[in-house]
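1. No letters, just coordinates:
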C-alpha cells in the first residue's frame, strides 16, 4: 500500500480557491518555487517577490504573481489573512477546478 498523497496547500471553495502562501520578500525575482511544508505540518505554496515587505508592497506583488500564474485578473485575488506575516492566505475567485489545476501544474513544474 502506498501512503496517501499530502494535501495540497489550497482548498476549493464556493468562490474559487483559498491558497496558503509562504512568502519571501526581497527574493530577487517574482516566482513560485513549489510547495513547502510548514513547521505545523501544513503545506504552503512557496513564493518570492523582488520588493521589500513595506507598506503592503510585497502583499500586492504576491497577489499580482498569483493572478498572473493562474490567469486571473488581479482584482480576482484577495488577501484573506497574514498581512504582516510570512504565511498568508489568499482567495482566488473564479472556477475552482481550473485554478487548482493551474496551481498544481505550477507547483509540480517548480519542484
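-> Yep, that arrived. Computed from a predicted model, the values in this text were never measured in an experiment.
2. hey, let's count contacts and neighbours off CA atoms from now on
-> Will do.
3. in the chain, which residue is closest to the centre?
-> For the chain, the residue nearest the mean C-alpha position is residue 21 (4.1 Å; Cα atoms, centre = their mean).
4. neighbouring contacts of stretch 22-40?
-> Contacts with stretch 22-40, where a contact means Cα atoms under 8 Å, 6 or more residues apart in numbering, come from 9, 43-53, 58, 61-62, 65, 86-88, 106-111.
5. cool, stretch 104-111 as well?
-> So stretch 104-111 is contacted by 32, 33, 34, 35, 45, 69 (Cα under 8 Å, 6+ apart).
6. The longest strand along the chain - which strands sit beside it in the sheet, and in what orientation?
-> Secondary structure assigned by DSSP state E gives strand 16-24 as the longest strand of the chain. The strands beside strand 16-24 in its sheet (DSSP bridges) come out as strand 10-12 (antiparallel), strand 43-48 (parallel), strand 87-93 (antiparallel).
7. What angle do strand 43-48 and the helix or strand that comes right after it make with each other?
-> Later in the chain than strand 16-24, the nearest helix or strand by DSSP states H and E is strand 31-37. On the basis of axes from the mean of the first three to the mean of the last three Cα atoms, to 10 degrees, strand 31-37 is oriented at 150 degrees to strand 43-48.
8. Done for today, thanks.
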